[in-house]
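Chemist: fold the following and give me the result.
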Amino acid sequence: MIIKGKVHKYGENVDTDVIIPARYLNVSDPAELAKHCMEDIDKDFVKKVKTGDIIMATTNFGCGSSREHAPLCIKTAGVSCIIAKSFARIFFRNAINIGLPLLECVEAVDNTQTGDILEVDLSNGKIKNLTSGKIFTAKPYPDFMAELIAAGGLIEHTKKNLASRRK
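Modeler: Purely as a prediction, here's the structure:
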């Protein structure tokens with residue numbers, strides 16, 4: 001799976017409270033949640049982000065509460081992938097569960113700026129910065145996790161498996 005998009009870069013410890021502020025957690029509609037994505041760290045994020053764009057951050061992206069709303073609102077806002085030096089583990093798992101790919105790659109983060117265009121090959125972990133011409137490598141997902149992401153998350157993966165068994 002190849003992803004291509006513009007980078008929106010943030011710093012360290014981007015927590016779930018700024019990804020989707022708690023005041024919106026009574027909302028269950030993903031499209032409504034997406035309207036408020038990142039607004040407490042970047043009030044213009046939803047105006048700037050285009051389908052396929054990539055969020056990049058330094059360390060501990062997704063720290064804070066274990067709310068599943070955070071990766072859901074990011075994915076629904078159109079973000080195709082998040083690249084960081086490190087992720088909070090519960091955020092990482094929640095993102096995989098909904099089919100939002102995350103890659104850890106220190107070199108890519110250190111050598112990429114907001115506005116750069118990246119091409120990411122999830123099958124082999126290659127990250128090409130089309131703006132600078134630099135290429136980086138993140139660890140690709142194991143086959144099972146790649147299947148989950150390709151299916152659109154754990155629920156969709158399970159549905160497909162159940163449907164194939166009924167045939």
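Chemist: what is the least confident helix or strand in the chain by mean pLDDT packed up against?
Modeler: When the helices and strands of the chain are compared on mean pLDDT, DSSP states H and E, helix 154-166 comes out lowest with a mean of 78. Other elements packing on helix 154-166 under the criterion 3 or more CB pairs under 8 Å, 6 or more residues apart in numbering; DSSP states H and E are helix 89-98, helix 143-151. From N, CA and C alone the C-beta is placed, and that goes for glycine too.
Chemist: buried stuff in the last one?
Modeler: Translated: helix 143-151. 148-151 (16 or more other CB atoms under 10 Å).
Chemist: stretch 41-54 now?
Modeler: Buried residues in stretch 41-54 (16+ other CB under 10 Å): 41-42, 45-46, 49, 53-54.
Chemist: ok, Asn129 touching Phe136?
Modeler: Yes - here Asn129 reaches Phe136: they are 7.4 Å apart, a contact under CB atoms under 8 Å.
Chemist: can you put the buried residues of helix 143-151 in a markdown table and add distance to Ser65 and pLDDT?
Modeler: Shown next, in a markdown table, are the buried residues of helix 143-151 (distance: CB to CB, whole Å; pLDDT from 0 to 100):
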| residue | distance to Ser65 | pLDDT |
| --- | --- | --- |
| Leu148 | 23 | 83 |
| Ile149 | 23 | 87 |
| Ala150 | 28 | 85 |
| Ala151 | 26 | 80 |
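Chemist: quick check, nearest of these to Thr76?
Modeler: Ile149 (15.8 Å; CB to CB).
Chemist: which ones are touching the closest one?
Modeler: Applying CB atoms under 8 Å, 6 or more residues apart in numbering, we find Ile149 in contact with 1, 96, 99-101, 122, 141.
Chemist: for Lys167, report the pLDDT, please.
Modeler: You'll see Lys167 listed with a pLDDT of 67.
Chemist: ok, now how distant is His36 from Ile74?
Modeler: His36 sits 11 Å away from Ile74, going by CB to CB, to the nearest Å.
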